[in-house]
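Asks: with the input below, show me the fold.
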Amino acid sequence: MTDVFTVLITDHNEVKSMLEALESTPGHAAGASDAVLTARKGVAEQLVIASSGHEAAEEQYFWPAVRDRLPDGNELADQAISQESQAKEILARLDKLGAADAEFDQLVIEYTPAALAHIEFEENRVWPGMRRALSAEESGDLGDKITAAKEKGPTRPHPHSPASPGVLKAAGPAVAAVDKLRDAVSGRGRSA
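Replies: Coordinates of the predicted model:
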């Protein structure tokens, strides 16, 4: 049983690492080689895949727990879900572009500070209260649920899907299956 904060910090660190890789390599406008552009696209695909599963799992389990356990939980969850919805819009557009597309670099530039601000919001505004509100057993149970949900979750952002835990639990597995089938056919996610 891995506590929820260990699960989430691992995801956050993975996202930060991918963002750093994208920021530290030249884009198309800076004259990047085809090999670098291919690598950037692969990292972006991994970023989209990881973020899609992470956000869906949080929407199913973490944000409902925040709503239930914190006095200002509705406000915190609403703010986080709003941030996540904006991120899904950007990631959905990024996922459709090649790294040689000028918009690709612009979306990376737009997404990076928003993603880092969202991570900071979760870790500094939400987690302290949740650490106090959850027992070790509850935190472990929530960590297990989020881990399982990520494994069964979508690999693509679905910005127009409601962030409702019930909808995600009911329709999510079918959506995820279609995402994973599309990935298998296209080879998406294997180039990083």
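Asks: now Asp144: closest residue in space that isn't a chain neighbour?
Replies: Spatial nearest neighbour of Asp144, chain neighbours left out: Met1 (5.9 Å); criterion: CB to CB, 6 or more residues apart in numbering. Where C-beta positions appear, they are placed from N, C-alpha and C, glycine not excepted.
Asks: burial count for Gln60?
Replies: Close neighbours of Gln60, defined as other CB atoms under 10 Å, add up to 24.
Asks: how far away is it from Thr147?
Replies: Distance from Gln60 to Thr147, counting by CB to CB, to the nearest Å: 12 Å.
Asks: which ones are touching the residue lying closest to Ala133 once chain neighbours are set aside?
Replies: Nearest residue to Ala133, sequence neighbours excluded (CB to CB, 6+ apart): Arg69, at 4.0 Å. Counting by CB atoms under 8 Å, 6 or more residues apart in numbering, Arg69 touches 129-130, 133-134.
Asks: equivalent analysis for Glu58, please.
Replies: Neighbours of Glu58 in contact, by CB under 8 Å, 6+ apart: 8, 80, 84, 146.
Asks: for those residues, which one is nearest Gly73?
Replies: Ala80 (10.4 Å; CB to CB).
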